[in-house]
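Enquirer: Just the structure for this:
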Amino acid sequence: MKHLAGRITAPVLAVALVALSAGPAAADIPPPSPTRPPGTEGLTTLLNWGMWIVTFAGIVGVLIAAGSMMISHRRGEGGEQASKLGWVMGGCCVAAAAGPIVNVLL
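Expert: Down below sits the predicted model:
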């Protein structure tokens, strides 16, 4: 198997070098500029409503976690409720970063 890998590696490297030398330089390729296709205003409205709902749910989640922490602190169990706040904050961070995450992946 090791002998076969040596025979395949040289041609693959040669093809890669030819492809890299023949292709345009990265500086010559213009970056894409995303534009919204016509007729997608309704989709943008749905995305805006979805983001509003997620923001509202995050605010409610923080308030519920804070209330649970206050009630549990009186009983001496406040540390267990702090993890709920961490999960809510993590969800808020992912929701806020949804657009940039998708832009990075594309």
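Enquirer: Please make it C-alpha for all contacts and neighbour counts, starting now.
Expert: Noted.
Enquirer: How much space separates His73 from Trp52?
Expert: In this structure, His73 lies at 31 Å from Trp52, with C-alpha to C-alpha, to the nearest Å as the measure.
Enquirer: Below-threshold pLDDT in this structure: ranges please.
Expert: Low-confidence segments of the chain, defined by pLDDT under 70: 1-29, 31, 78.
Enquirer: all strands for the chain, in order.
Expert: Taking DSSP state E as the test, none of the chain falls into strands.
Enquirer: In it, where's the longest helix?
Expert: For the chain, the helix with the greatest residue count under DSSP state H is helix 41-75.
Enquirer: Check which residues of it are buried.
Expert: Using 16 or more other C-alpha atoms under 10 Å as the burial criterion, the residues of helix 41-75 that qualify are 54, 58, 61-62, 65-66, 68-69, 72.
Enquirer: packing partners for it?
Expert: For helix 41-75, the packing partners by 3 or more C-alpha pairs under 8 Å, 6 or more residues apart in numbering; DSSP states H and E come out as helix 78-96.
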